[in-house]
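A.B. asks: Sequence plus the predicted model coming up.
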Amino acid sequence: MKIALVNTNRIRPPISPIGLEYVAETLQAAGKSVEILDLCWKDDMDADIENFFSDKHFNLVGLTLRNTDDCAFTTRQSFVADFKDIVRKIKNVTNAKILIGGVGFSTQPEAILSACRADAGIRGDGEFTLLELVRRIESQQDWRDLPNLIFFDGSRWVRTEAKTYPLEHLPIMQRTLIDNPRYFAEGGQAGFETKRGCSGKCIYCADPIAKGRQVRLRPPSHVAVEIETLLEQGIDHLHTCDSEFNMPTAHAEDVCRDMIKRKLGDKMKWYAYCTPAGFTRDLAALMRKAGCVGINFGADSGDTRMLKLLKRDFSPDDIINTARFCRESGIAVMFDLLLGAPGETRQSINSTIEVMKRAGPDRVGVSMGVRIYPGTELDAWVKNGKLSQGLYGGSNQSEPLFFLEPKVAPFITDLISRLTAGDKRFLFFNPDNPDQNYNYNANDLLVNEIKKGARGAYWDILRKIG
């Protein structure tokens, strides 16, 4: 049986499709025949798709959708129409069964399948379900009872049992099936994963929907070996793909200790997403010794009331302490803010910016407006009428839906601009000031700096040239 896997993500700066590569390696480790079509690098997509499929008979084609949109209220650019076009072009040149997966797909699978008319989709982990699906097809058995599938049976959408799997059952990733050196040259970093899932209760977050609410850990030695294979390819700036690297803390410490034991911290620089909740001085020191040079903390707000409304499990004091611990260890700090959520006021915005300035991070990314993902608590509020005003977009299933608190909408842009004026630590995409663009998609400034040799997390690249 021949399987084709297609990367459809063409954004710039380019981001290596780590999920697709993990799926491909899992299939290959089980002895399956896999070929990858990476459309990120294709200039004439029509011709490249036709050439790839023209002389090959594939039984199964899997496509990954990493992002449904750019997640930015100010632009609200959807990628679904382009993805739909890619599916259509592939269906025109092959009779293979078409499956869709990926984090973006998993956030709204029925909508994507309905738009693209693929045969089925896999939500959540793709490695385990796809491998078993291939085995079922090879043995001519029905596969529609496998977990994590979504398909249309002619009259209704069917979602099979949602299931997560222990990540230690994955093979140790070698990271050679994608052109990672080129992604590094043009994208400035490579990703790696130490865990999946998030048990947090944030009212807006799609990570528990796409990756599961149960946190599953990869063996630290598997992570370290994967990093070593990337280093052997000349890739020495990396970024975690975990929702929050420091949860649970004990596993983060074990990963760092394994890196230190192998002296990886002397050979690379890496960045992480973390939460201020439970972040400690000891962990900061351990991360720095393991090679971590920057951390992006999802702070969302610096206002006590707003943090409770968003169901975050930390306080403004935790934010301030976190920045101090990182400074003491020599780690650069980025705080991400999410302003304009339900309940936001002029005072809460003022309080948040004041806390950010007191904390003294190296960068603060300010997002305005909240993306509403299907299945989140915010989505439930929309469906039950609790949020009936302040909605933007979402006129069809492919268009992203956002919320901006109506009470602050008339002045929020001007207020944020005034409160952060002259402070280059703040990245806030005011359409009237494109130099402060905080949208990484199609960011020419980033693309050009990476061409000049800049490497690392995008916020850190912008920090160094700002």
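C.D. replies: Done, it's in. Residues are numbered from 1 along each chain as shown.
A.B. asks: Walk me through the domains of the protein.
C.D. replies: Structural domains annotated on the chain: 2-124+126-159, 168-369+404-465, as defined by automatic domain parsing.
A.B. asks: Gly394 is nearest to which of those domains?
C.D. replies: Closest to Gly394 of those, according to C-beta to C-beta: domain 2-124+126-159, at 9.5 Å. Quick note: C-beta positions are derived from backbone N, CA and C, even for glycine.
A.B. asks: Run the chain-centre distance for that closest one.
C.D. replies: Using C-alpha atoms, centre = their mean, to the nearest Å, the mean C-alpha position of domain 2-124+126-159 is found 17 Å from that of the whole chain.
A.B. asks: Show me the shaky parts of the chain.
C.D. replies: Low-confidence segments of the chain, defined by pLDDT under 70, span residues 430-438, 466.
A.B. asks: How much space separates Leu309 from Leu338?
C.D. replies: 11 Å (C-beta to C-beta, to the nearest Å).
A.B. asks: Compare the two and say which one has the larger neighbour count.
C.D. replies: The neighbour comparison of Leu309 against Leu338 (other C-beta atoms under 10 Å) goes to Leu338, with 24 against 17.
A.B. asks: Overlap of the contact sets of Leu309 and Leu338?
C.D. replies: Residues touching both Leu309 and Leu338 (C-beta atoms under 8 Å, 6 or more residues apart in numbering): none.
A.B. asks: a markdown table for the domains of the chain, including distance to Tyr392?
C.D. replies: Rendered in a markdown table, the data for the domains of the chain read as follows (distance: least, C-beta to C-beta, whole Å):
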| stretch | distance to Tyr392 |
| --- | --- |
| domain 2-124+126-159 | 7 |
| domain 168-369+404-465 | 6 |
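A.B. asks: how about those, which one is nearest Asp379?
C.D. replies: Set against Asp379 and scored by C-beta to C-beta, these come closest in domain 168-369+404-465, at 9.0 Å.
A.B. asks: buried stuff in stretch 115-128?
C.D. replies: By 16 or more other C-beta atoms under 10 Å, the buried positions in stretch 115-128 come out as Ala115, Cys116, Ala118, Ala120, Gly121, Ile122, Arg123, Gly124, Asp125, Gly126, Glu127, Phe128.
A.B. asks: what's the span of stretch 410-426 from first residue to last?
C.D. replies: Stretch 410-426 stretches 21 Å from its first residue to its last (C-alpha to C-alpha, to the nearest Å).
A.B. asks: wait, Asp46 sits on Ile90?
C.D. replies: No. Using C-beta atoms under 8 Å, Asp46 makes no contact with Ile90, being 10.8 Å away.
A.B. asks: The two - which one has more neighbours?
C.D. replies: Ile90 (24 against 12).
A.B. asks: Just read off the phi/psi values of the residue lying closest to Pro166 once chain neighbours are set aside.
C.D. replies: Among residues not flanking Pro166 along the chain, Arg216 sits closest, at 6.3 Å (C-beta to C-beta, 6 or more residues apart in numbering). Backbone dihedrals for Arg216, given as degrees, to the nearest 10, come out at phi -120, psi 130.
A.B. asks: Against Gln233, how distant is Arg216?
C.D. replies: Distance, Arg216 to Gln233, by C-beta to C-beta: 27 Å.
A.B. asks: And Phe402, by the same measure?
C.D. replies: Phe402 sits 39 Å away from Gln233, going by C-beta to C-beta.
A.B. asks: Which strand or helix spans Arg418?
C.D. replies: helix 412-420 (DSSP states H and E).
A.B. asks: Run a quick neighbour tally on the closest residue to Thr74 other than its chain neighbours.
C.D. replies: Sequence neighbours aside, Phe429 is the residue nearest to Thr74 in space, at 5.3 Å (criterion: C-beta to C-beta, 6+ apart). By other C-beta under 10 Å, the residues close to Phe429 number 21.
A.B. asks: Do I have it right that Phe429 meets Asn439?
C.D. replies: Yes. Phe429 lies in contact with Asn439 (C-beta under 8 Å); the separation is 5.6 Å.
A.B. asks: Give me the common contacts of the two.
C.D. replies: Joint contacts of Phe429 and Asn439 (C-beta under 8 Å, 6+ apart) are Ala72, Thr74.
A.B. asks: Could you look up the SS state of Glu226?
C.D. replies: Under DSSP: H, G, I helix; E, B strand; the rest coil, Glu226 falls in the helix class.
A.B. asks: quick one: contacts for it?
C.D. replies: Residues near Glu226 by C-beta under 8 Å, 6+ apart: Ile172, Met173, Gln174, Arg175, Phe192.
A.B. asks: quick one: strands adjacent to the helix or strand harbouring Val293?
C.D. replies: Val293 belongs to strand 292-300 when assigned by DSSP H and E. Within its sheet, and counting by DSSP bridges, strand 292-300 is paired with strand 269-274 (parallel), strand 332-339 (parallel).
A.B. asks: Give me the contacts around the first one.
C.D. replies: So the one you mean is strand 269-274. 189, 192, 236-240, 242-246, 287, 290-298, 455-457, 460.
A.B. asks: Now the next helix or strand after it - C-alpha only, PDB.
C.D. replies: Later in the chain than strand 269-274, the nearest helix or strand by DSSP H and E is helix 281-289. What follows is helix 281-289, C-alpha atoms only, in PDB (Å, rounded to 0.1, in the frame of the first residue of the first chain):
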ATOM      1  CA  ARG A 281      13.500  30.000  40.100                       C
ATOM      2  CA  ASP A 282      15.000  26.500  40.100                       C
ATOM      3  CA  LEU A 283      13.300  25.600  36.800                       C
ATOM      4  CA  ALA A 284      14.500  28.800  35.200                       C
ATOM      5  CA  ALA A 285      18.100  28.000  36.200                       C
ATOM      6  CA  LEU A 286      17.800  24.500  34.900                       C
ATOM      7  CA  MET A 287      16.300  25.600  31.600                       C
ATOM      8  CA  ARG A 288      19.100  28.100  31.000                       C
ATOM      9  CA  LYS A 289      21.700  25.500  31.800                       C
END
